[in-house]
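Trainee: Structural data only, the sequence is not supplied:
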């Protein structure tokens, strides 16, 4: 293995903690407030819910999603570097930027999948084996309409007690997204036998396929 490739793999190995028991999944309710499906320009959603490998891996398998990439949101551009964000002091969260076709999948549907199988929104500043504010549950609305839909959905799940615990997801509008290093991109797809992925993330894909077959895409997005 070339030296730079080995270094990247070692950094990736340290990125998202250790293995643990698979995280819980649920079937969250259909959003009562949503944006209607309609033709238009490609839209962007940004979510954070623990290690970005698994969140990216889930959304690249959702019909209507054009691309999903790992990165950082919540902090300054200068600190959007893995070794720095891993300190938990930058304001960044490991996040995923999702580009999607609004005629095929709605923002509310993306939220429903995010809150059902991509992460556990009752875990404060952690997710599975990973600890720190960089692993917090956060929605980064791109505009006021996304913020309205996200706020309404969190309230809906809280009333329904969907997770059987307090939803700790934050809304952080107006925060820029910065792509993560190349070795983090498509990590699940490129490393399906990596222990962290097998234990923590592949079950999320199985849950997506089982609980939301109408949204499952056999072919991952770009």
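Mentor: Arrived safely, thanks for sending. Predicted model, so just to flag it, every value in this text is computed and none were measured.

Trainee: Next, count neighbours for residue 155.
Mentor: Applying other C-beta atoms under 10 Å, we find 13 other residues in the vicinity of residue 155. C-beta: built from backbone N, CA, C; applies to glycine.

Trainee: per-residue confidence for residue 7?
Mentor: pLDDT for residue 7: 42.

Trainee: Check residue 24 too.
Mentor: So, for residue 24, pLDDT stands at 84.

Trainee: so the spatially closest residue to it that is not a sequence neighbour is in which element?
Mentor: In space, and not counting its chain neighbours, residue 24 is closest to residue 120: 5.6 Å by C-beta to C-beta, 6 or more residues apart in numbering. Assigned by DSSP states H and E, residue 120 falls within no helix or strand.

Trainee: Relative to residue 145, how far out is the residue nearest in space to the middle of the chain?
Mentor: Nearest to the mean C-alpha position of the chain, by C-alpha atoms, centre = their mean, lies residue 55 at 3.4 Å. According to C-beta to C-beta, to the nearest Å, residue 55 stands 22 Å off from residue 145.

Trainee: Check residue 166 too.
Mentor: 26 Å.

Trainee: likewise residue 100?
Mentor: In terms of C-beta to C-beta, residue 100 sits 14 Å off from residue 145.

Trainee: for residue 176, same thing?
Mentor: According to C-beta to C-beta, residue 176 stands 19 Å off from residue 145.

Trainee: what do you get for residue 219?
Mentor: 29 Å.
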